[in-house]
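S.K.: have a look; sequence and predicted model below, questions after that.
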Amino acid sequence: MGTFPWAVSRKDFSEMKPKLQPAVVNFGPEPGSVELREVEIPIPGEQEVIVEVGAVGVCGSDLHQWKSSHSWKVNYPVILGHEFAGTIVETGKRVTAWKEGDRAVSETAAVIDESSPLTRQGQYNLDPARRGFGYGVDGAMTRFVRVPERCLHRIPDSLPFEKAALTEPCCVAYNATIRNSRIEPGDCVLVIGPGPIGILCAAMARLCGAEVAVLGLPRDEERLRVARAYGCHTFVDDPSAWCRERDGLGCDGVIDAAGVSAALRTAMDNVRPGGWITKVGWGPQPLEMSLDPIVQKNVTLQGSFSHNWPVWERVIVLLGEGRLNSGPVVGGIWNLSDWETAFASMHSGSIVKALLKPRLSL
């Protein structure tokens with residue numbers, strides 16, 4: 001690696017803009033095809049800005065691309081990272097709503113078809129042409145990232161970048177739990193999978209007034225400890241006794257944040273007749289089971305993917321006012337050169353969420 005001109009202030013960024021920066025790059029489809037590389041610093045388009053990354057979260061999708069266990073198309077080589085917050089240091093010619101020094105977070109839909117019926121309905125997260133940071137276009141595991149103006153949301157000065165960087169996974173959880181589930185105060189809700197999304201879904205369900213249990217595996221003890229910090233019950237074995245404790249029929253709803261076939265089977269076994277299952281976890285393997293219990297129980301099976309503008313605005317309010325605390329899920333903060341340690345710590349299950357801070361390298 002070369003020497004990087006880190007000490008560039010926002011004031012003189014345009015005049016003294018460095019040429020290269022380090023970035024965590026996924027360069028091919030083979031397992032382990034991720035490394036720290038020197039890349040060119042981007043130039044903003046007319047309706048784009050350059051954001052200096054204050055913090056960027058490591059997502060499970062980053063780990064899947066690292067291990068080549070993903071099921072989506074990747075535009076190699078690509079800089080990883082789509083959960084980020086930072087400060088605007090440069091604006092394109094047609095950007096009018098933002099200025100240098102503004103603090104912001106960014107949505108993930110970096111490329112969309114603005115003429116798509118889904119986009120016009122505000123459901124651009126479901127647009128088939130959508131391409132996101134970290135797999136479709138360069139992401140934020142670097143110091144300076146190019147962002148379309150339409151993706152930006154303002155964050156209050158009181159919200160540290162370390163917490164603001166988790167706005168995106170909080171939005172995934174909000175969409176799954178608030179928008180795509182039917183939680184009412186007093187409900188009994190089982191969340192399967194104590195990863196970042198599962199734990200944040202559990203936190204959202206608690207905000208709705210539900211009694212919540214999180215189911216994991218014996219190796220997930222540290223993650224389950226974080227779930228308990230949000231006021232949840234936790235299990236590493238059969239949760240059916242807890243789900244049936246009230247009237248013997250099962251829990252009101254289940255959020256599958258694990259994605260594997262066994263998780264959906266557990267959901268079907270433990271949801272009550274007339275209940276609901278929301279599936280937010282990905283799993284490419286075949287089910288190899290009958291879905292008849294969903295029919296027999298008259299259960300609603302709902303998928304949930306990504307998020308859109310109003311979800312982001314509501315989550316920022318929750319984070320800014322402290323009603324949702326993203327802090328407990330963060331298990332450590334690393335600089336870019338230590339990205340592999342951060343990835344491995346998450347992959348092992350010893351922590352829930354890792355953050356990278358580019359300026360730690362200063």
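M.R.: That came through, no problem.
S.K.: quick check, central residue of the protein?
M.R.: Residue closest to the mean C-alpha point of the chain, counted by CA atoms, centre = their mean, is Pro169 at 2.8 Å.
S.K.: which non-adjacent residue is nearest that one?
M.R.: The shortest distance from Pro169 to any non-neighbouring residue, by CB to CB, 6 or more residues apart in numbering, is to Pro196 (5.2 Å). Bear in mind the C-beta positions are built from the backbone N, C-alpha and C, glycine included.
S.K.: tell me the confidence at the one you found?
M.R.: On pLDDT, Pro196 comes in at 96.
S.K.: which residues touch it?
M.R.: By CB atoms under 8 Å, 6 or more residues apart in numbering, Pro196 lies in contact with Gly57, Cys59, Gly60, Leu166, Pro169, Val329, Val352, Lys353.
S.K.: the first one and Trp242, how far apart?
M.R.: Plainly put, Gly57 is 31 Å away from Trp242 if you go by CB to CB, to the nearest Å.
S.K.: when these two are compared, which one has more neighbours?
M.R.: Comparing Gly57 with Trp242 by other CB atoms under 10 Å, the one with more neighbours is Gly57, at 28 against 17.
S.K.: pretty sure that one is touching Ala85, no?
M.R.: No. Taking CB atoms under 8 Å as the definition, Gly57 is not a contact partner of Ala85, at 9.2 Å.
S.K.: anything in contact with each of these two?
M.R.: Taking CB under 8 Å, 6+ apart as the criterion, Gly57 and Ala85 both touch Ala165.
S.K.: name the element Pro284 belongs to?
M.R.: Per DSSP states H and E, Pro284 falls between elements, in no helix or strand.
S.K.: so how far is Ser69 from it?
M.R.: Here the criterion is CB to CB. By it, Pro284 lies 8 Å from Ser69.
S.K.: same check, this time on Gly139
M.R.: 18 Å.
S.K.: buried residues, stretch 276-286. List them.
M.R.: Across stretch 276-286, burial judged by 16 or more other CB atoms under 10 Å covers Trp276, Ile277, Thr278, Lys279, Val280, Gly281, Trp282, Gly283.
S.K.: what helix or strand is the first one located in?
M.R.: Right, Trp276. strand 271-279.
S.K.: give me the packing partners of the helix or strand immediately after that strand in the chain, helices and strands only.
M.R.: Moving toward the C-terminus from strand 271-279, the next helix or strand (DSSP H and E) is helix 292-296. Contacts defined by 3 or more CB pairs under 8 Å, 6 or more residues apart in numbering; DSSP states H and E place helix 292-296 against helix 261-270.
S.K.: list the helices and strands the helix it packs on packs on?
M.R.: Looks like helix 261-270 contacts strand 188-192, helix 240-243, strand 251-256, strand 271-279, helix 292-296 (3+ CB pairs under 8 Å, 6+ apart).
S.K.: give me the nearest residue to Gly28, chain neighbours excluded.
M.R.: Leaving aside its chain neighbours, Gly28 sits nearest to Tyr76 (5.5 Å; criterion: CB to CB, 6+ apart).
S.K.: can you redo the helices and strands packed on helix 261-270 as TSV with mean pLDDT and distance to Ser181?
M.R.: Shown next, in TSV, are the helices and strands packed on helix 261-270 (pLDDT from 0 to 100; distance: least, CB to CB, whole Å):
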stretch	mean pLDDT	distance to Ser181
strand 188-192	98	8
helix 240-243	98	16
strand 251-256	98	6
strand 271-279	98	5
helix 292-296	97	15
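S.K.: who's more crowded, Gly139 and Ser69?
M.R.: Between Gly139 and Ser69, counted using other CB under 10 Å, the more crowded position is Gly139 (29 against 11).
S.K.: and the more buried one, what's its pLDDT?
M.R.: The per-residue pLDDT reported for Gly139 equals 98.
S.K.: list the contacts for it?
M.R.: For Gly139, the contacting residues are Val56, Val78, Ile79, Leu80, Gly81, His82, Phe84, Phe133, Val145, by CB under 8 Å, 6+ apart.
S.K.: tell me the buried residues within those.
M.R.: For the contacts of Gly139, a neighbour count by 16+ other CB under 10 Å gives the buried set as Val56, Val78, Ile79, Leu80, Gly81, His82, Phe84, Phe133, Val145.
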